[in-house]
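Sequence first, predicted coordinates after that:
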Amino acid sequence: METRIAAEIKPANDRIDRLEQEIQALKSQLDVQKSENKINIICFSREWDRLFAALSIASGALALGNEVHLFFTFWAVSALRDPDKKGQKGRALVQRVFSRLMPAGFASAPISYGQSMGIGKFFLKNLMKKKGIDDIDTLFRDVMDLGAQLHVCETSTVMFGLDCEELQESDKINQCGVTTFLSHALKSKMTLFI
């Protein structure tokens, strides 16, 4: 009788051991696949309201304890340009034309809807001031103070003839390519394209 009970217990113990091994293997796979506490925001547009939205989301994500990476590419790179640092030396004609046409800084970016020769943005900024909403330059400084990591597309800077020294927060900018962006995106909770 005792041998029969022992014989029945042994397969049950083997099954439990196998189940525990399978659970451990699944936990290991989940740990490998688990995303980091990181959010990537691709800033593509130079329009003021889209940039404001990107910075607002970044601010909220940072406040919740997320690591935030802001990637500026194409037209959004103009928002990073420091209005006081406009260099033209050594640039091709097309690059000089782009430099003149692109606004410098967040505040000089046009809004996407209702621009009406600047009147729409004027009313929007006045409304924000009355409601106690910080302007976009203050929001950008706050996001940087909260620890956002800033990346600028190397291809865009080359194409538009910009040097990182001409950009705001130039000492904190990582000039990079698409592989750097993808390496962050693949390990992130979320990637937004604005």
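Sure thing, it's come through. Numbering: from 1, shown residues only.

Skip ahead from the strand or helix carrying residue 25 and say which helix or strand is next.
Per DSSP states H and E, residue 25 falls inside helix 2-33. Using DSSP H and E, the helix or strand that follows helix 2-33 towards the C-terminus is strand 36-43.

for the following helix or strand past that next one, which positions count as buried?
On the C-terminal side of strand 36-43, the closest following helix or strand by DSSP H and E is helix 48-63. Using 16 or more other C-beta atoms under 10 Å as the test for burial, helix 48-63 gives 48-55, 57-59, 61-62. For every residue, glycine as well, the C-beta is placed using N, CA and C.

Can you pull the domain assignment for this structure?
Per automatic domain parsing, the structural domains of the chain span 1-34, 35-193.

most packed of those domains?
Sort the domains of the chain by mean neighbour count, taking mean count of other C-beta atoms under 10 Å, and domain 35-193 sits at the top with a mean of 16.

Distance from it to the middle of the chain?
Distance, stretch centre to chain centre, for domain 35-193: 9 Å (C-alpha atoms, centre = their mean, to the nearest Å).

Now it: average pLDDT?
Averaging pLDDT along domain 35-193 yields 88.

Make residue 1 into 50 and carry on from there
Yep, numbering from 50; the last one is domain 84-242 now.

Could you report the distance from residue 157 to residue 92?
From residue 157 across to residue 92, the span is 15 Å (C-beta to C-beta, to the nearest Å).

now do residue 196
From residue 196 to residue 92 the distance is 17 Å (C-beta to C-beta).

And residue 174, by the same measure?
Distance from residue 174 to residue 92, by C-beta to C-beta: 20 Å.

Let me know whether residue 92 touches residue 103 as I believe.
Yes - using C-beta atoms under 8 Å, residue 92 is in contact with residue 103, at 5.0 Å.

Give the residues shared as contacts by these two.
119, 243 (C-beta atoms under 8 Å, 6 or more residues apart in numbering).

Return stretch 96-103 as CSV; C-alpha atoms alone will do.
Written as CSV, here are the backbone C-alpha positions of stretch 96-103 (Å, rounded to 0.1, in the frame of the first residue of the first chain):
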residue,chain,number,x,y,z
GLU,A,96,4.0,74.1,-36.1
TRP,A,97,3.6,75.8,-32.7
ASP,A,98,0.6,73.9,-31.5
ARG,A,99,2.1,70.5,-32.3
LEU,A,100,5.3,71.4,-30.6
PHE,A,101,3.3,72.6,-27.6
ALA,A,102,1.5,69.3,-27.5
ALA,A,103,4.7,67.3,-27.7
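
List of residues touching that stretch?
90, 92, 94, 119, 125, 128, 155-156, 158-162, 170, 173, 185, 188, 241, 243.

Same check on stretch 206-221?
The contact list for stretch 206-221 (C-beta under 8 Å, 6+ apart) reads 126-127, 129-131, 134-136, 140-141, 144-145, 147-148, 151, 154, 189, 193, 198-199, 201, 205, 222, 224.
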